[in-house]
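*Asks:* Test case, fold it:
(chains A and B)
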There are 2 protein chains.
Amino acid sequence: MANEIKRQGWMFIFSAPSGGGKSSVIKRLLAELDDLVHSVSVTTRAKREGEVEGKDYYFIDEDKFKELVREKALYEYVDSDFGPKYGTPKGAVDKLLCEGKDVILDLDYPGVVQLRALAGDRIKAICFLPPSLAILRQRLINRGTDSAEVIEKRMSQAEKRVKECVHYDYVVVNDDLDAAVEEAKAIILAARAERRILCGLDDFVNQVVEKK
Amino acid sequence: MANEIKRQGWMFIFSAPSGGGKSSVIKRLLAELDDLVHSVSVTTRAKREGEVEGKDYYFIDEDKFKELVREKALYEYVDSDFGPKYGTPKGAVDKLLCEGKDVILDLDYPGVVQLRALAGDRIKAICFLPPSLAILRQRLINRGTDSAEVIEKRMSQAEKRVKECVHYDYVVVNDDLDAAVEEAKAIILAARAERRILCGLDDFVNQVVEKK
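*Replies:* Numbering: from 1, shown residues only, chains lettered A, B, ... in the order given. Presented below is the predicted three-dimensional model:
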C-alpha cells in the first residue's frame, strides 16, 4: 500500500571542487538506491574510446547545440568560447522525473543558478566540501593524474567553489566517504518523504479512510 | 574540522493517529541518534506513580498554567475545559535548540499550527500514517489496552488525523518499523545538513580557504 503513493522525481544537483570526492559518493548512491539515475548531458566534444552514446553523453555538433539553446531545450548549459560545450537536455530529464525517478546532475554553481530559475521547486542543490583546502591539495597530489600546474589551477577553482557553498540547499563535509554517502542518502530519502511532492496523497488519504 | 560547523537545532513535530507506531519510532531514534532529545511538556494533571518531574513532565497547577499562557511562555498548548492541560515550555526548548540539540515534539495538528505561527522556520512536521485504517484498527485490538468503545473513538480521531496529513512537511507511511525509523532518521539527518541552519558556515569557509 505504501507504494501506492506516487511521487514526482527530484533533480539533485551535486557540486564539489575537483577532488572533493563527489564521484565516489555518486557511484555508491547509484548502486545503493533504487529509482535514482544520473543525468546524461549533451556535449559537443568528440566521443572518447569506450564512451557510449546516450549513456556517457549525447554527442552532438555545434549546430545542434545552438539549436537546443535557441529552442530552450536545455535546463542549463556551459557555452564557453573555447573548449567543448555541455548541457542538460530538458526532455530526457523530464521523462525520468515523470516516471518518479530522481535524477543526479553533476554541475557547478552556474548550473544551480540556471536550474533554480527554470525549475526551482524541483531541485535540491548539495555542495560537497573537503574538510580543508590543504586536505584537498593532498588528495589531488595522491590521485597522481594532474601536473603541478593543473593542481594549482584546480586549487584556485576550489577556493571559489568553497565560497559558493553558502548558496546551496545542503552542505556535506566529505571527511569520510561512508559518512558523506550516508548524509547524501538521507537528503535523498528525506526529499522523497516531502509531502508536497507526494502527488498521490489525496487518493491515498481517501483509500486509507475508505478501507477502514 | 567537520565538527566546527555549528548548527541550530530543529523542532521535529511527530504526529500520528493513536496506534500509528509513533512511540516505537521515537524510542528507536532517541537511542540511535546523538543530539536528539524529547521535549518535556508542562501538564496540570496529577503525577502518576513512577513518573519523574522534569523527565516525564513538568507538573504544574492551573494557576501556573494560566500564567504561562498569559506570558506567552508556551510554544503551543492544549487548553480543554474538561481534562488536564498540556503545553510546550518555550524556555526549556529554546535552551536545547541553542545548544544545537534537535527536539522531538509529540503533538497533534493544532500544535503544528501554533508552532508554525511562532517558529515556522525552526520546525519540520512529520505525519506518520498507518498503511490503512483497517490495519490501524487491528493494531489497536492487538494492543489489548482499549475497550471496544475507546477503539471506536480512536478510529474516528484517526480518520481526522489521516486527512490532516496533507498539511505536514513530511509523510511517513509506517508499514514496517525499521523502514519508518530509517525514513525518520533520514529526515533528521537531512535537516542537519541544511545550509541555512549551519550558523558557523561563513567561519568554516574562511577556515577552509585560509588553511589551503
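*Asks:* would you say residue A:104 is within a strand?
*Replies:* Yes. Judged by DSSP: H, G, I helix; E, B strand; the rest coil, residue A:104 forms part of a strand.
*Asks:* Please state the offset of stretch A:78-89 from the chain centre?
*Replies:* With CA atoms, centre = their mean, to the nearest Å as the basis, stretch A:78-89 stands 17 Å off its chain's centre.
*Asks:* Could the C-alpha coordinates of that stretch be exported in PDB?
*Replies:* The C-alpha trace of stretch A:78-89 is given here as PDB (Å, rounded to 0.1, in the frame of the first residue of the first chain):
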ATOM      1  CA  VAL A  78      28.000  25.800 -20.300                       C
ATOM      2  CA  ASP A  79      28.800  27.600 -23.500                       C
ATOM      3  CA  SER A  80      32.500  28.600 -23.400                       C
ATOM      4  CA  ASP A  81      34.000  30.200 -26.400                       C
ATOM      5  CA  PHE A  82      37.000  27.900 -26.200                       C
ATOM      6  CA  GLY A  83      36.600  24.200 -25.400                       C
ATOM      7  CA  PRO A  84      33.600  21.900 -25.800                       C
ATOM      8  CA  LYS A  85      30.000  22.800 -24.700                       C
ATOM      9  CA  TYR A  86      27.900  20.900 -22.300                       C
ATOM     10  CA  GLY A  87      24.200  21.000 -21.400                       C
ATOM     11  CA  THR A  88      21.400  19.100 -19.700                       C
ATOM     12  CA  PRO A  89      18.600  18.100 -22.100                       C
END
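*Asks:* residues in contact with it?
*Replies:* Stretch A:78-89 is contacted from outside by A:39-45, A:58, A:62, A:65, A:68-69, A:73-77, A:105, A:107, A:110-111, A:115, using CB atoms under 8 Å, 6 or more residues apart in numbering or on different chains. For the C-beta atoms, the positions are set from N, CA and C on the backbone; glycine is no exception.
*Asks:* Check which helices and strands the helix or strand of chain A with the lowest mean pLDDT is in contact with.
*Replies:* Within chain A, judged by mean pLDDT, DSSP states H and E, the helix or strand with the poorest mean is helix A:201-210; its value is a mean of 76. Packed against helix A:201-210 by the contact rule (3 or more CB pairs under 8 Å, 6 or more residues apart in numbering or on different chains; DSSP states H and E) you find helix B:148-164.
*Asks:* hmm, 10 Å instead?
*Replies:* strand B:123-129, helix B:133-143, helix B:148-164, strand B:170-173 (3 or more CB pairs under 10 Å, 6 or more residues apart in numbering or on different chains; DSSP states H and E).
*Asks:* residues contacting the spatially most central residue of chain A?
*Replies:* Centre of chain A computed as the mean C-alpha position; nearest residue by CA atoms, centre = their mean is residue A:105, 2.2 Å away. Residues near residue A:105 by CB atoms under 10 Å, 6 or more residues apart in numbering or on different chains: A:11-15, A:38-39, A:41, A:75-76, A:88, A:93, A:111-112, A:115, A:123, A:125.
*Asks:* Ok, residue A:25 next?
*Replies:* Going by CB under 10 Å, 6+ apart, residue A:25 touches A:14, A:16, A:104, A:126, A:128, A:172, A:174, A:177, A:180-185.
*Asks:* May I ask which of those comes out lowest in pLDDT?
*Replies:* Lowest pLDDT of the contacts of residue A:25: residue A:174, 87.
*Asks:* residues contacting that residue?
*Replies:* By CB under 10 Å, 6+ apart, the neighbours of residue A:174 are A:16-17, A:19-22, A:24-25, A:128-131, A:135-136, A:139, A:180-181, A:183-184, B:2.
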